[in-house]
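A.B. asks: mind looking at a prediction? Sequence and model below.
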Amino acid sequence: MTETSIPSADQSVDEESAPIEATDDTEAEEGKAGSGTREKKAPAESELFRQSEIAADYVEGLLDILDYDGDIDELVSGGRPVVEVVGDGLQNLVGQRGATVEALQELARLAVFRQTGTPSRLLLDVGGYRANRRKELAAVAKNAVEKVKEYGEAVRLEPMSAFERKCVHDVVNAMSGVESESEGVEPNRRIIVQPAD
C-alpha cells in the first residue's frame, strides 16, 4: 500500500468542479450507498434559503464580535444551504486545515436548528477555502488513481475530514477501474483507493 500526502495550496491544479459535498460522516454521504438508509423528503428551496439566511445572520454577528470585515452571501447550491464569507484577512477564521471553519459551520448549523427545529446540512465557506481545497483534493485523488492503475496496488491516503473524504470519493467514483472506501475512526478516518473488483 502506498502513502500519499496532500499538495500545498500554491500548487497548480486542473479545475475540477465537484458537486457541493456533504459533511456528515456516513458512507452514503461520502459517495457510497449504505444499506438500510431511509429516504427523506428534501426540503423546499425556500426552506433551504431561509436556513442560509439564518446562518448568515449568525455568522455576521460573529464577525462583528470578532471585528472582522467580510461580505456574506447566502444561497442554495446542490440542494443545500450555503453561506460564503468573502474578504481579506480571513485566514484566522479558516484555521489549520480548515478546523476553525468546520467549527464555525457547526455553530451556524446549531443556530439554524435552534430557530427551525430542523437539522441543517448547511455548508459554510470562508475566504474560498473549500473551493480551493476541493481543487487540491481532486489532484490528490487523480494522483492516487494513477498510482493504483500503474502499480495495481491500493493507495492509502492520509486522514481527512468528512468534507475532504467526500471530495476525494466524488473524483474517484467518476473514474473507471478504481474504487474508494473509508476506513478508521475520527479523527484518523482515511480513504483507500484500490482497483475495482
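C.D. replies: Structure received. Numbering: from 1, shown residues only.

A.B. asks: use CA for all of it now, contacts and neighbours both
C.D. replies: OK.

A.B. asks: please identify which helix or strand holds the most centrally placed residue in the chain.
C.D. replies: In the chain, the centroid-proximal residue (Cα atoms, centre = their mean) is residue 163; its distance is 2.6 Å. Taking DSSP states H and E as the definition, residue 163 sits inside helix 162-173.

A.B. asks: C-terminal to the lowest-mean-pLDDT helix or strand in the chain, what's the next element?
C.D. replies: For the chain, using mean pLDDT, DSSP states H and E, the weakest element among its helices and strands is strand 2-4, scoring a mean of 45. On the C-terminal side of strand 2-4, the closest following helix or strand by DSSP H and E is helix 45-66.

A.B. asks: tell me the buried residues in the next helix or strand along the chain from the helix holding residue 163?
C.D. replies: Counting by DSSP H and E, the next helix or strand C-terminal to helix 162-173 is strand 178-183. For strand 178-183, the neighbour count (16 or more other Cα atoms under 10 Å) marks 178-182 as buried.

A.B. asks: of those, just say which sits nearest to residue 89.
C.D. replies: residue 182 (34.4 Å; Cα to Cα).

A.B. asks: quick check: bridge partners of the closest one?
C.D. replies: residue 191 (DSSP bridges).

A.B. asks: so where's this structure shaky on pLDDT?
C.D. replies: 1-41 (pLDDT under 70).

A.B. asks: farthest from the middle of the chain: give me that residue.
C.D. replies: Largest separation from the mean C-alpha position in the chain: residue 151, at 29.0 Å (Cα atoms, centre = their mean).

A.B. asks: mind checking the SS state of residue 92?
C.D. replies: Using DSSP: H, G, I helix; E, B strand; the rest coil, the structure places residue 92 in helix.

A.B. asks: name the nearest residue to it, sequence neighbours excluded.
C.D. replies: Of all residues not flanking residue 92 in the chain, residue 100 sits nearest, at 7.7 Å (Cα to Cα, 6 or more residues apart in numbering).

A.B. asks: what about residue 75, helix or strand, and which?
C.D. replies: Applying DSSP H and E as the criterion places residue 75 in strand 71-77.

A.B. asks: how about that strand as PDB, C-alpha atoms only?
C.D. replies: The C-alpha trace of strand 71-77 is given here as PDB (Å, rounded to 0.1, in the frame of the first residue of the first chain):
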ATOM      1  CA  ASP A  71     -19.100  40.200   2.700                       C
ATOM      2  CA  ILE A  72     -21.600  37.400   3.400                       C
ATOM      3  CA  ASP A  73     -23.500  35.700   0.600                       C
ATOM      4  CA  GLU A  74     -26.300  33.300   1.300                       C
ATOM      5  CA  LEU A  75     -27.500  30.900  -1.400                       C
ATOM      6  CA  VAL A  76     -28.700  27.400  -2.200                       C
ATOM      7  CA  SER A  77     -26.400  25.100  -4.200                       C
END
